[in-house]
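Asker: below are the sequence and a predicted model for it; my questions follow.
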Amino acid sequence: MKLNVVNMTGASAGEIEFADDLLIKNGKGTQAVHDAVVAHLANRRQGTSKVKQIGDVAGSGKKPFRQKHTGRARAGSFASPLWRGGGVVFGPHPRDYTIKVPQKVRTLALRKALSERLMAGDVLVVDQVTVNTHKTRELAQWTSKLTGKSASVLVLVEAADAKMKLAARNLESVRIERADSVNCYQLLNCAKIIATRDAVAKLQERLGRS
């Protein structure tokens, strides 16, 4: 599969070849993508939510009022879940949401996600990305020019320098990721992908090792 390469001004800068044997052009890998995305979102959860049960509520164990002859329903504790300020029934407690996905499944999901974005024409390859300053405006104008003001842009590089990280830090719609660490969820959670020539080579090397 041939990919057109442009420079930072949008002018043509040649072509590069993406190995066809790394692409998935059939239905294979759909379930792997689902599993990888679900696991990624689950692993981001902190799992620190906690409510107080009846035994955790501060207060005395004194009976609120006598058992009989008050005209009220009997009560044995101020911490009853039926009372305001009492314990919570079946509330959340700290837990681990981690889902483990085998390495081969993660690699298959990455191949499938990348294949779909490439065949849909959502990946734009640039010769190189050079940020002269750490100003956010320069990076925002450049991505908008290349992608047509897309809602969100993922920029794949082989190695991000300090200026590029500073320039993208205040841009909610632009995310900088290294090609050797990008995952399936990040490839799918953007409108357009801008990848440098070196990043594409790194992706092919990464997928070819699987």
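Answerer: Thanks, I have it.
Asker: what sits against the residue nearest to residue 182 when sequence neighbours are not counted?
Answerer: Once flanking residues are discounted, residue 182 sits nearest to residue 156: 6.1 Å by Cβ to Cβ, 6 or more residues apart in numbering. Backbone N, C-alpha and C define where each C-beta goes, glycine included. Applying Cβ atoms under 8 Å, 6 or more residues apart in numbering to residue 156 gives the contacts 177-179, 182, 193-196, 199-200, 203.
Asker: out of those, who has the most neighbours?
Answerer: residue 195 (28 neighbours; other Cβ atoms under 10 Å).
Asker: find the helix or strand that it is a member of.
Answerer: strand 192-196 (DSSP states H and E).
Asker: quick one: distance of that strand to the chain centre.
Answerer: Relative to its parent chain, strand 192-196 has a centroid offset of 17 Å by Cα atoms, centre = their mean, to the nearest Å.
Asker: ok, now stretch 177-193?
Answerer: Per Cα atoms, centre = their mean, the centroid offset for stretch 177-193 relative to its chain is 8 Å.
Asker: not counting that stretch itself, show me its contacts.
Answerer: With Cβ under 8 Å, 6+ apart as the criterion, stretch 177-193 contacts 33, 36-37, 40-41, 106, 109-110, 112-114, 117, 122-124, 147, 150-160, 175, 195, 198-200, 202-203, 206.
Asker: now distance to residue 67 and pLDDT too, for the contacts of residue 156, in JSON lines please.
Answerer: Conversion of these to JSON lines gives the following (distance: Cβ to Cβ, whole Å; pLDDT from 0 to 100):
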{"residue": "177", "distance to residue 67": "66", "pLDDT": "91"}
{"residue": "178", "distance to residue 67": "69", "pLDDT": "91"}
{"residue": "179", "distance to residue 67": "72", "pLDDT": "91"}
{"residue": "182", "distance to residue 67": "66", "pLDDT": "93"}
{"residue": "193", "distance to residue 67": "70", "pLDDT": "93"}
{"residue": "194", "distance to residue 67": "73", "pLDDT": "91"}
{"residue": "195", "distance to residue 67": "74", "pLDDT": "92"}
{"residue": "196", "distance to residue 67": "77", "pLDDT": "91"}
{"residue": "199", "distance to residue 67": "74", "pLDDT": "92"}
{"residue": "200", "distance to residue 67": "77", "pLDDT": "92"}
{"residue": "203", "distance to residue 67": "73", "pLDDT": "91"}
